[in-house]
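J.: I'd like to go over a predicted model; first the sequence, then the structure.
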Amino acid sequence: MPVNRNALIRYKTIDACLRNRHRQWTLAALVEKVSEALYEYEGIVKGISVRTVQADIQLMRSDKLGYFAPIVVRQKKYYTYEDPSYSITNLPLSEGDLSRMNEAVEVLKQFRGFSHFSSLNDVVQRLEDHLYSTAQKTAAVIDFEKNDNLKGLHFLDELYQAVVQQRVVQITYQSFQARQPQTLPFHVWWLKEFKNRWFAVGTTTKNRQIMTLALDRMLTIEPVTGVAYIGRQALSPEEYYRHVVGVSVNEGVRVTKVRLRVKMPHAPYIETKPLHASQRLLEREKGSIVIQLAVQLNHELEREIMGYGNGIEVLAPERLRNRIAQRLADALACYSTPTDVPPEQASCSDEH
C-alpha cells in the first residue's frame with residue numbers, strides 16, 4: 001500500500017506521541033500535534049480532522065502497512081502503546097529486506113581496503129552485525145571472487161592515496177624474472193585489477209615510460225619528498241587498455257586481427273561473454289563459430305585462449321597459431337612422461 005508524504009508525517013507524529021509516556025494523550029491532543037507537524041514540515045495551515053487521525057490509528061493497528069501497532073485506550077480516552085518499547089521505526093526486517101541488505105553489504109565490503117572509505121567500513125560492520133542478529137540463517141546472495149591472502153594487498157591504500165594526493169613514492173620491486181630487487185621512484189596514475197590481482201600503473205622519474213607493477217611483487221613503499229609528481233595528462237585507463245586483453249600494453253605495437261574458431265559447447269559462452277570489446281562474429285559453422293578480435297598480442301591473450309584447451313583454434317595470425325601450438329605441445333609432453341620420472345629427466349619444458 002503506497003504511503004504519501006503527509007500520511008507518513010502523521011504516522012511518525014502519532015508514533016512519537018505514543019512513545020512519550022510522560023503525557024496522557026487524548027484524541028484531541030493527537031490531532032493538535034499532527035496539525036502542528038503538518039504545518040511545520042509541509043506548511044499546511046488548515047489542520048487535520050479527528051476522523052483522519054482515527055483512521056490513521058486504525059491503519060497503524062492493522063497489517064496493511066506492516067506496523068501491527070499495539071495501540072490501546074486507557075480509561076476510555078487516553079491513547080498509548082501497550083508495549084512501552086514499541087515504535088514503528090523498530091520494525092523487523094522482512095526476508096526481502098534482509099536479502100537486499102546482504103547484497104548491498106557484499107558490494108560495500110569490496111572497498112574495505114581503502115582508508116578513503118574508512119567511514120564506510122564502520123557502516124558495513126554495523127550492517128553485518130545487524131543482519132546477523134536479525135536473522136542468523138540469512139545466507140549471502142552475492143559471492144565476489146576474492147583472495148584475501150594475496151600478497152601486496154596492504155599496499156593498496158598507500159598507492160591509492162598517492163594517486164589522489166599526487167605524491168611520488170619509492171617502490172622496492174622484484175619481478176619474477178629478476179634475481180635482485182630494484183628501487184625506483186614511481187608516479188602512480190591509477191590502480192588496475194585483473195583476474196583478482198592488483199597492479200599500479202604509472203611512470204618513473206627517469207625514463208618517463210608507462211610501467212605496470214604488480215602489487216604482489218612489491219617489497220616496500222616509502223614516500224618521496226622534493227620530487228615533482230608527473231601526471232598522466234589526458235590519458236585514461238579506458239583508452240590505455242582499449243586494444244588489449246588484460247594489463248600488458250606494448251606501446252607502439254600495432255593492433256592485430258586475431259581470428260579464432262570456437263567449438264561447441266564453448267561458443268555460446270564466448271558469444272555472451274566476449275573475450276574483448278572488439279570481438280565480432282565472422283561466420284557460423286557446423287559445430288563452431290569463427291570470431292575476430294582487434295587486439296595487441298600479449299601474454300594474457302595467450303592464457304585466455306589456452307584456458308579453453310582444444311575448444312579454441314587460432315586461425316590467424318600465423319605467429320600466434322604457432323605459439324599456441326608450441327605451448328600445447330609442451331603441455332602434452334608433460335603428460336607423456338610417467339609421474340615417477342625425476343624432474344630433470346622429464347620431457348616437458350617451460351622454455352616457451
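T.: Yes, it's here. Numbering: from 1, shown residues only.
J.: For the strand or helix carrying G202, which strands pair with it and how are they oriented?
T.: Using DSSP states H and E, G202 falls within strand 197-204. The strands that strand 197-204 pairs with in its sheet are strand 182-194 (antiparallel), strand 210-214 (antiparallel) (by DSSP bridges).
J.: which residues of the stretch 1-150 of the chain fall in helices?
T.: 5-19, 27-42, 50-61, 95-108, 118-134 (DSSP state H, counting those that start in this stretch).
J.: Distance from the first one to the middle of the chain?
T.: Just to be clear, that refers to helix 5-19. 38 Å (Cα atoms, centre = their mean, to the nearest Å).
J.: quick one: buried residues of it?
T.: Residues of helix 5-19 classed as buried: 6-7, 9-15, 17-18 (neighbour count, 16 or more other Cβ atoms under 10 Å). In short, each C-beta sits where N, CA and C put it, glycine included.
J.: how about these in CSV, adding pLDDT and distance to Q58?
T.: Formatted as CSV, the buried residues of helix 5-19 follow (pLDDT from 0 to 100; distance: Cβ to Cβ, whole Å):
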residue, pLDDT, distance to Q58
N6, 86, 17
A7, 88, 13
I9, 89, 18
R10, 92, 13
Y11, 92, 12
K12, 90, 17
T13, 93, 16
I14, 94, 11
D15, 93, 15
C17, 94, 16
L18, 94, 14
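J.: ok so, going back, go through the helices of the stretch 1-150 of the chain and find the least confident stretch.
T.: Lowest mean pLDDT of those: helix 118-134, a mean of 54.
J.: and the closest residue to E285 other than its chain neighbours, helix, strand or coil?
T.: Closest residue to E285 apart from its sequence neighbours, by Cβ to Cβ, 6 or more residues apart in numbering: R261 at 7.5 Å. Assigned with DSSP: H, G, I helix; E, B strand; the rest coil, R261 falls in the strand class.
J.: ok, back up a step: which one of the strands paired with strand 197-204 lies nearest to T339?
T.: Smallest distance to T339 across the strands paired with strand 197-204 (Cβ to Cβ): 32.2 Å, for strand 210-214.
J.: Point to the helix or strand of the protein where mean pLDDT is at its lowest.
T.: helix 118-134 (a mean of 54; mean pLDDT, DSSP states H and E).
J.: What is the subsequent helix or strand relative to that helix?
T.: By DSSP H and E, the next helix or strand past helix 118-134 is helix 156-164.
J.: Could you check the next helix or strand after that following helix and say which residues are buried?
T.: Using DSSP H and E, the helix or strand that follows helix 156-164 in sequence is strand 169-173. Neighbour-count burial for strand 169-173, counted by 16+ other Cβ under 10 Å, picks out 169, 171, 173.
J.: distance of the last one from Q166?
T.: Y173 is 21 Å from Q166, where distance means Cβ to Cβ, to the nearest Å.
J.: How about H22?
T.: To Q166, H22 is 57 Å away according to Cβ to Cβ.
J.: Show me which of the two is the more surrounded one.
T.: Q166 (13 against 4; other Cβ atoms under 10 Å).
J.: Can you report phi and psi for that one?
T.: As for Q166, its main-chain torsions (degrees, to the nearest 10) stand at phi 50, psi 60.
J.: okay, now the residue lying closest to it once chain neighbours are set aside: neighbour count?
T.: With sequence-adjacent residues excluded and distances taken as Cβ to Cβ, 6+ apart, Q166 is closest to Y229, at 4.3 Å. Neighbours of Y229 under the rule other Cβ under 10 Å: 16.
J.: likewise E271?
T.: 13.
J.: Tell me the pLDDT of it.
T.: 95.
J.: now do P92
T.: Reported pLDDT for P92: 57.
J.: ditto for C334
T.: So, for C334, pLDDT stands at 88.
J.: Tell me how far the one helix or strand it maps to lies from the chain's centre.
T.: Taking DSSP H and E as the definition, C334 sits inside helix 318-335. Offset of helix 318-335 from its chain centre (Cα atoms, centre = their mean): 36 Å.
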